[in-house]
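K.L.:
structure for the following, please:
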Amino acid sequence: MTYKPFDLTGKVALVTGGNGGIGLGMAEALAQAGATLAIWGTNESKNQKALEAIKSHGGEAKAWKVNVADETEVADAMNEVVAMLGRVDTVIANAGVSGGDGPIGQHSTEACRKIMSVNVDGVFFTL
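P.N.:
Residues are numbered from 1 along each chain as shown. Predicted structure coming up:
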């Protein structure tokens, strides 16, 4: 049975990192409530599996390969989403990475910059 706490029919939701984990769970719930989904993820295979999962709930979805740490990719993808789906009503800025081996004090500067670029800059660029 589909859980439908509210009706999002006609609304468009963008979920970054919506191709797995918490992001996919959010995307599936939004689709079950009637929203059309825009999924952003960096793994094409996971994007396709996410589309299949969302469509199995009767939802409509499109996926884009987007690295949220790249401001130009984010701007271009947002323009594509709006052109294709007409608008964006809500954004779930969920994309995130962990990195480095061991405790944070042992991470390299490069690992730290990658984590921050996705987890902080990516949210800023997306929103």
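K.L.:
which residues does the lowest-mean-pLDDT helix or strand in the chain contact?
P.N.:
Least confident helix or strand of the chain, by mean pLDDT, DSSP states H and E, is helix 109-116 with a mean of 91. Residues outside helix 109-116 that contact it (C-beta atoms under 8 Å, 6 or more residues apart in numbering) are 69, 97-100, 107. All C-beta spots, glycine's among them, are computed from the backbone N, C-alpha and C.
K.L.:
write the PyMOL selection for whichever of those are buried.
P.N.:
Of these, the buried ones go into a single PyMOL selection, burial set by 16 or more other C-beta atoms under 10 Å:
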select buried, resi 69+97+99+107
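K.L.:
for the contacts of helix 109-116, which one is nearest F124?
P.N.:
A69 (10.2 Å; C-beta to C-beta).
K.L.:
hang on, the earlier thing: so among the contacts of helix 109-116, where is pLDDT lowest?
P.N.:
On pLDDT alone, G100 ranks lowest of the contacts of helix 109-116, at 66.
K.L.:
state the distance from the spatially most central residue of the chain to A38.
P.N.:
For the chain, T16 is the residue whose C-alpha lies nearest the centre (C-alpha atoms, centre = their mean; 1.6 Å). Going from T16 to A38 by C-beta to C-beta, to the nearest Å gives 9 Å.
K.L.:
now do K65
P.N.:
12 Å.
K.L.:
ok, the two, which is more surrounded?
P.N.:
A count of neighbours by other C-beta atoms under 10 Å puts A38 above the other of K65 and A38, at 26 against 14.
K.L.:
residues in contact with that one?
P.N.:
By C-beta under 8 Å, 6+ apart, A38 lies in contact with 12-15, 61-64, 81, 85, 88.
K.L.:
where along the protein do the helices fall?
P.N.:
For the chain, the helices defined by DSSP state H occupy 21-32, 44-56, 71-85, 109-116, 122-126.
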